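Enquirer: give me the fold of what follows.
(2 chains)
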Amino acid sequence: DGGITQSPKYLFRKEGQNVTLSCEQNLNHDAMYWYRQDPGQGLRLIYYSQIVNDFQKGDIAEGYSVSREKKESFPLTVTSAQKNPTAFYLCATSRQGQETQYFGPGTRLLVL
Amino acid sequence: KQEVTQIPAALSVPEGENLVLNCSFTDSAIYNLQWFRQDPGKGLTSLLLIQSSQREQTSGRLNASLDKSSGRSTLYIAASQPGDSATYLCAVSLYYSSASKIIFGSGTRLSIRP
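Expert: From the prediction side, this is the model:
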């Protein structure tokens, strides 16, 4: 069945540790996005990718890294440089040239 | 810089009432405006998308309007039900491209009392 999957649902990070959030889609969409949502706030764009092997920084890219080796996958790594990583992370996709974005179920990252 | 504001941050109404959620944006040069629904701990679901050339869109009990000149949009929910309880987010797209920039408001948390 078609859609966007994010895993894990909950992720715990220790101090100084890098962690990777998975985002997979089978919608055949070209563009993929990562957003961060903090309590009571809207979404802020971390990174986005319009095509395989290409990605651009969003508004809050510091402390994060991404890769886009396959059309279906856009993993996000939260590095130790990100000092306040606790948040809800949402992955989204859209068709090339289309505006509507479709969202995954999200991953909640907590710091131990 | 484009800013999107949603007031109030939270709203509680009894079941059956009609209600209006508000969204305002500072720069009228938008490509479209979208309303999303978010349930607790979940992703976003698109409800309605209004292109900049349109004034309103309807889907079932939902009606969204857009007034670009005044920088305002409203989401009207008719005959509210407990299942409508969720956070409603407004978002504007700044330009047309293959990966458009979308600015989100912080949302209105809606609670419908049975």
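Enquirer: now do the contacts for the residue positioned nearest the centre of chain A.
Expert: For chain A, the residue nearest the mean C-alpha position is A:Trp34 (3.2 Å; Cα atoms, centre = their mean). Each residue near A:Trp34 by Cβ atoms under 8 Å, 6 or more residues apart in numbering or on different chains is listed here: A:21, A:23, A:45-48, A:58, A:64, A:66, A:74, A:76, A:89-92. C-beta coordinates here come from the backbone N, C-alpha and C atoms, glycine included.
Enquirer: contacts with chain B among those residues, please.
Expert: Counting by Cβ under 8 Å from any Cβ of the partner chain, A:45, A:48, A:90, A:92 from those sit close to chain B.
Enquirer: A:Asn53 is in contact with A:Glu69, correct?
Expert: Yes: here A:Glu69 lies in contact with A:Asn53, judged by Cβ atoms under 8 Å, at a distance of 7.0 Å.
Enquirer: excluding its backbone neighbours, what's nearest the residue in chain B that chain A sits nearest to?
Expert: Chain B approaches chain A most closely through B:Phe104 (3.3 Å), counting by Cβ to the nearest Cβ. Spatial nearest neighbour of B:Phe104, chain neighbours left out: A:Gly42 (3.3 Å); criterion: Cβ to Cβ, 6 or more residues apart in numbering or on different chains.
Enquirer: before we move on, what about B:Ser69?
Expert: B:Ser28 (6.3 Å).
Enquirer: what about that neighbour, neighbour count?
Expert: 14 (other Cβ atoms under 10 Å in any protein chain shown).
Enquirer: and it, what pLDDT?
Expert: If you check B:Ser28, the pLDDT there is 88.
Enquirer: are we agreed that it is in a helix?
Expert: No: using DSSP: H, G, I helix; E, B strand; the rest coil, the secondary structure at B:Ser28 is coil, not a helix.
Enquirer: mind checking how far the spatially closest residue to B:Ala10 that is not a sequence neighbour is from A:Phe12?
Expert: With Cβ to Cβ, 6+ apart as the measure, B:Arg109 is the residue that lies nearest to B:Ala10, at 4.4 Å, once sequence neighbours are left out. Distance of B:Arg109 to A:Phe12, given as Cβ to Cβ, to the nearest Å: 27 Å.
Enquirer: do A:Glu62 as well
Expert: A:Glu62 is 22 Å from A:Phe12, by Cβ to Cβ.
Enquirer: again, but for B:Ser59
Expert: Distance from B:Ser59 to A:Phe12, by Cβ to Cβ: 39 Å.
Enquirer: what about the strands in chain A?
Expert: A:4-7, A:10-13, A:19-25, A:31-37, A:43-51, A:54-57, A:64-66, A:76-78, A:87-94, A:102-103, A:107-111 (DSSP state E).
Enquirer: spell out which parts of chain A neighbour chain B.
Expert: Counting by Cβ under 8 Å from any Cβ, the residues of chain A that sit close to chain B are A:4, A:6, A:30-31, A:33, A:40-45, A:48-50, A:56, A:88, A:90, A:92, A:94, A:96-97, A:99-106, A:108.
Enquirer: make a ChimeraX selection of the buried ones in those residues.
Expert: Buried members of these, defined by 16 or more other Cβ atoms under 10 Å in any protein chain shown, are picked up in ChimeraX with:
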select /A:4,6,30,31,33,42,43,44,45,48,49,50,88,90,92,94,99,101,102,103,104,105,106
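Enquirer: the residue of chain B closest to chain A: what's it in contact with?
Expert: With the criterion set at Cβ under 8 Å, 6+ apart, B:Phe104 makes contact with A:42-44, B:4, B:89-91.
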